[in-house]
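Novice: Provided below for reference: sequence and predicted model.
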Amino acid sequence: MKVGRIAVVGPSLAFPGGIAQHTTELVSRLDEAGLLVEHASWGRQFPRGARPGNRPSPHPGRRSMRETGGAPLSHDLHWDRPGSWLKAGRRLRCAADRLVIVVSSPLQLPAILVLATSFRGTVLSGPTNRDVLLIVHNVLPHDRIRFDQFLMQQVLRLADRTIVHSSEEAQLAEEFGARGVIDIRLPLHPPEGLRAGSHPAGNRRLNTLGFLGYVRPYKGLDILLNALAQMKSQPRLIVHGEFWEPIQRYHELIRSLALNERVDLRPG
């Protein structure tokens, strides 16, 4: 099958988190291969209430170009502006043969629905042979709400193909009605220049541990704190990240485990 011109919808590096990192890496590789026509990112991904962390969703500028001179990067999509979904879908239909949509949350269902249908073409514009591929990092979110399963089922049924990252996720996607499910495992991908085998950290015992990024229930900080209290050695722990639940819970756990002198919480 001819690959053709590809457009990607997904968060750019204006947003924190691994999904934005993965999307940006994918976009960069497609651009290097001469296949990318546009990376359509978000201005707002979710309602404020869907993001319980300390920071509001980023508000990048409306439109920009890559500093490297590659394919255009847009930030036109907003969760609360349906017109932006329709406009982006039509623009990408004119530019690309294939649309890759990165699914960050079932809450994006309305936007994905409009993007996919407007990209494929409507009754007025006539049918097209353009296909839609979804990259789904989590078929169901780690922190779930009541309608997540129903919403994700509707999302998965939109696509011609769906990429997931484990056999368990592939099975779940198929149970939810996804077509053409592909299981692609993510390899270890350390930051550029860092190689675990040659890094100095591998040659000595460190006195300080770091827990970085989002602090959410499923991340297991409570498990790490309990393990820290049971260690014969006494390393320090620095927790630097965005807390998605009351930080007081962790202050109380640290006191109960007598770790006050060894744990430093740095929210933000």
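Specialist: That came through fine. Numbers count the residues shown, from 1 in each chain.

Novice: and the strands in the stretch 1-150 of the chain?
Specialist: Along the stretch 1-150 of the chain, counting by DSSP state E, counting those that start in this stretch, strands occupy 6-9, 36-44, 63-65, 72-78, 98-103, 131-136.

Novice: could you dump those strands into CSV with mean pLDDT, distance to residue 241 and mean neighbour count added?
Specialist: Just so you know, the C-beta spots here come from the backbone N, C-alpha and C atoms, and that holds for glycine as well. Shown next, in CSV, are the strands of the stretch 1-150 of the chain (pLDDT from 0 to 100; distance: least, Cβ to Cβ, whole Å; neighbours: other Cβ atoms under 10 Å):
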stretch, mean pLDDT, distance to residue 241, mean neighbour count
strand 6-9, 96, 27, 28
strand 36-44, 92, 22, 23
strand 63-65, 43, 27, 12
strand 72-78, 90, 24, 20
strand 98-103, 95, 22, 24
strand 131-136, 94, 24, 22
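
Novice: mind checking which of those is nearest residue 244?
Specialist: strand 36-44 (18.0 Å; Cβ to Cβ).

Novice: what residue, apart from its backbone neighbours, is nearest residue 172 spatially?
Specialist: The shortest distance from residue 172 to any non-neighbouring residue, by Cβ to Cβ, 6 or more residues apart in numbering, is to residue 139 (4.7 Å).

Novice: quick one: that neighbour from residue 95, how far?
Specialist: 29 Å (Cβ to Cβ, to the nearest Å).

Novice: neighbour count winner among those two?
Specialist: residue 139 (28 against 15; other Cβ atoms under 10 Å).

Novice: hang on, the more buried one packs against residue 174?
Specialist: No - between residue 139 and residue 174 there is no contact under Cβ atoms under 8 Å: 9.9 Å.

Novice: let me know whether residue 181 touches residue 162 as I believe.
Specialist: Yes - taking contacts as Cβ under 8 Å, residue 181 lies within contact range of residue 162: 5.1 Å.

Novice: so which of these two has more stuff around it?
Specialist: residue 162 (28 against 21).

Novice: so who does that one touch?
Specialist: Counting by Cβ atoms under 8 Å, 6 or more residues apart in numbering, residue 162 touches 133-134, 136, 156, 173, 178-182.

Novice: likewise for residue 260?
Specialist: Residue 260 makes contacts with residue 254, as judged by Cβ under 8 Å, 6+ apart.

Novice: ok, it to residue 248 distance?
Specialist: 14 Å.

Novice: over to residue 146?
Specialist: In this view, residue 146 and residue 248 are 27 Å apart by Cβ to Cβ.

Novice: quick one: low-confidence residue ranges for the stretch 51-200 of the chain.
Specialist: 51-70, 122-129, 144, 189-200 (pLDDT under 70).

Novice: 80 instead, please
Specialist: 51-71, 106-107, 121-129, 142-147, 187-200 (pLDDT under 80).

Novice: which residues in it form helices?
Specialist: 82-95, 109-120, 148-156, 167-175 (DSSP state H, counting those that start in this stretch).

Novice: got the ones you listed as JSON lines, with distance to residue 45 columns?
Specialist: Converted to JSON lines, the helices of the stretch 51-200 of the chain look like this (distance: least, Cβ to Cβ, whole Å):
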{"stretch": "helix 82-95", "distance to residue 45": "12"}
{"stretch": "helix 109-120", "distance to residue 45": "9"}
{"stretch": "helix 148-156", "distance to residue 45": "15"}
{"stretch": "helix 167-175", "distance to residue 45": "21"}
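
Novice: residue 231 is nearest to which of the ones you listed?
Specialist: Ranking these by their distance to residue 231 (criterion: Cβ to Cβ) puts helix 167-175 first, at 31.6 Å.

Novice: buried sites along that closest one?
Specialist: Within helix 167-175, the residues that count as buried by 16 or more other Cβ atoms under 10 Å are 169-170, 172-174.

Novice: distance from the chain centre to it, please.
Specialist: 19 Å (Cα atoms, centre = their mean, to the nearest Å).

Novice: which of the three states applies to residue 237?
Specialist: Three-state call for residue 237 (DSSP: H, G, I helix; E, B strand; the rest coil): strand.

Novice: got the contact list for it?
Specialist: Counting by Cβ under 8 Å, 6+ apart, residue 237 makes contact with 208-211, 224-225, 228, 259, 262-264.
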